[in-house]
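Peer 1: Just the structure for this:
(4 chains)
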There are 2 protein chains.
Amino acid sequence: MAIRHAILGLLHYRSMHGYRIKTQIEQYFGHVWSINFGQIYPNLKSLLDEGLIDMTEENQAGMRGPSRKLYSITDKGREAFAEWIRKPPEKNMILRDPFLMRFVFFGFGEKERALEIIDDQIRLYEKQLALRKERYKKLKDREIHVRLISELGIELNEAFTAWLKRARKELHRNGKGDRGRK
Amino acid sequence: MAIRHAILGLLHYRSMHGYRIKTQIEQYFGHVWSINFGQIYPNLKSLLDEGLIDMTEENQAGMRGPSRKLYSITDKGREAFAEWIRKPPEKNMILRDPFLMRFVFFGFGEKERALEIIDDQIRLYEKQLALRKERYKKLKDREIHVRLISELGIELNEAFTAWLKRARKELHRNGKGDRGRK
DNA sequence: CCTCTCATGTAAGACGTTACATGATTCA
DNA sequence: TGAATCATGTAACGTCTTACATGAGAGG
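Peer 2: Sure thing, here's the model as predicted:
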């Protein structure tokens, strides 16, 4: 249900069409959430059906450009959103990283290969970090909450990277002294 | 597909029954993954059908205790697992926290209420952190990868907590100087 | 006696991802 | 001319969560 509320939240800033909502969600909290078109349009439809948002078609006959539908929030939508934002803290966060799941079992694989994979992953984390810092420059003068979330994204990314580098060192050291042992 | 591999990975340590697999997954990487019974048993069934694991019923007639089914990994299962562990890094991690999603929009809600929710959340993070540190004591002499993942969990938890405390301070300060402004 | 933990399983539904289909505009 | 981006949408499939049903043993 969170995506529905994210949409309502975004429409507080201004009216938007579906495509824009997706790119905004990526920018605003791509750090802590992800979304795809397969969710956006069906959700817009149901929000519309429930009267939480309004829609106006943007192309008068003869206009160029693909058909666009402008969505805006209704009073009912504002109420639903306000209720959601007031709620007490709920369920825990979900952190799911297929790499970490494999990492736990690297002891059962080949050590050399494991180190290779870790190196690749470090590069990946670093690339991601660079991207986040790049984005942060553009975001840092925006709304305070958006900026703070962006900072969290960077700090978590840094924590991941630092941890993995340390882990690599430990495993490498371990691999050297431990040859043959089980 | 990751859960299937996690099961195969765990069965490398020793044969287990379904219930145990769940508790072990929670202990070993509850930091980075979660699981429920609704997934365990169907997955065990399909792994069995595909010959990746074996099963032996544990209760001879007359034995006490609930019926248990001991699962063990087959050679085919070992191969499938080895292949998985060798693969190059794949899709990005997913971090999803309903609280953070709401946080981004706290600017549209009441400031006082937002601070309350943040305080609750800080307490929640701290409770979680204490629990993780407690578990770590028992885990720290286990297999190196398990220990490292547990350390990551703690470090991330610390990063979250520190960030949220800082964010609270900033928002509080902001709220004071900013009254009435939009 | 009651509650907790151990133990196995199913079903319904919510949620998310991927792939497909379509088509215009912009820029190199 | 071709690629990238903007734009809307559907269908199929996978995955995850929640709730339900059942029952034994252990410990207070």
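
Peer 1: Could you give the separation of the longest helix along chain A from the chain centroid?
Peer 2: In chain A, assigned by DSSP state H, the helix with the most residues is helix A:144-177. Offset of helix A:144-177 from its chain centre (C-alpha atoms, centre = their mean, to the nearest Å): 18 Å.

Peer 1: What is that helix packed up against?
Peer 2: helix A:18-29, helix A:111-139, helix B:98-103, helix B:144-177 (3 or more C-beta pairs under 8 Å, 6 or more residues apart in numbering or on different chains; DSSP states H and E). From N, CA and C alone the C-beta is placed, and that goes for glycine too.

Peer 1: which of those sits most buried?
Peer 2: Among the helices and strands packed on helix A:144-177, the stretch with the highest mean neighbour count (mean count of other C-beta atoms under 10 Å in any protein chain shown) is helix B:98-103, at a mean of 22.

Peer 1: For residue A:81, which residues are in contact?
Peer 2: With contact set as C-beta atoms under 8 Å, 6 or more residues apart in numbering or on different chains, residue A:81 has these partners: A:5, A:8-9, A:12, A:73, B:105, B:108.

Peer 1: Residue A:77 sits in which helix or strand?
Peer 2: Here residue A:77, judged by DSSP states H and E, is contained in helix A:75-86.

Peer 1: Show the average pLDDT along that helix.
Peer 2: Helix A:75-86 carries an average pLDDT of 95.

Peer 1: In that helix, which residues are buried?
Peer 2: A:77, A:80-81, A:84-85 (16 or more other C-beta atoms under 10 Å in any protein chain shown).

Peer 1: Buried residues, the helix or strand that it is followed by. List them.
Peer 2: Sequence order places strand A:94-96 as the next helix or strand after helix A:75-86, per DSSP H and E. Within strand A:94-96, the residues that qualify as buried are A:95-96, counting by 16+ other C-beta under 10 Å.

Peer 1: tell me which helix or strand of chain A sits lowest on mean pLDDT?
Peer 2: With mean pLDDT, DSSP states H and E as the measure, the helix or strand of chain A carrying the lowest mean pLDDT is strand A:94-96 (a mean of 85).

Peer 1: Make a PyMOL selection of the buried ones in the contacts of residue A:81.
Peer 2: To isolate the buried subset of the contacts of residue A:81 in PyMOL, counting by 16+ other C-beta under 10 Å, use the following:
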select buried, (chain A and resi 5+8+9+73) or (chain B and resi 105+108)
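
Peer 1: Quick check, residue A:22 in contact with residue A:35.
Peer 2: Yes - here residue A:22 reaches residue A:35: they are 6.0 Å apart, a contact under C-beta atoms under 8 Å.

Peer 1: Domains in chain A, by residue range?
Peer 2: Using automatic domain parsing, the domain parsing of chain A gives A:2-86, A:98-177.

Peer 1: Now tabulate these in TSV and tack on distance to residue B:171.
Peer 2: Formatted as TSV, the domains of chain A follow (distance: least, C-beta to C-beta, whole Å):
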stretch	distance to residue B:171
domain A:2-86	14
domain A:98-177	7
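
Peer 1: rank these by mean pLDDT and give me the bottom one.
Peer 2: Of all those, domain A:2-86 has the smallest average pLDDT, which comes to a mean of 88.

Peer 1: so how far is residue A:116 from the residue lying closest to residue A:117 once chain neighbours are set aside?
Peer 2: Nearest residue to residue A:117 in three dimensions, chain neighbours excluded: residue B:89, at 6.2 Å (C-beta to C-beta, 6 or more residues apart in numbering or on different chains). The gap separating residue B:89 from residue A:116 is 10 Å, by C-beta to C-beta, to the nearest Å.

Peer 1: Distance to residue B:53 and secondary structure added to the contacts of residue A:81, as CSV?
Peer 2: Output for these, formatted as CSV (distance: C-beta to C-beta, whole Å; DSSP: H, G, I helix; E, B strand; the rest coil):
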residue, distance to residue B:53, secondary structure
A:5, 41, helix
A:8, 46, helix
A:9, 45, helix
A:12, 51, helix
A:73, 51, strand
B:105, 46, coil
B:108, 51, helix
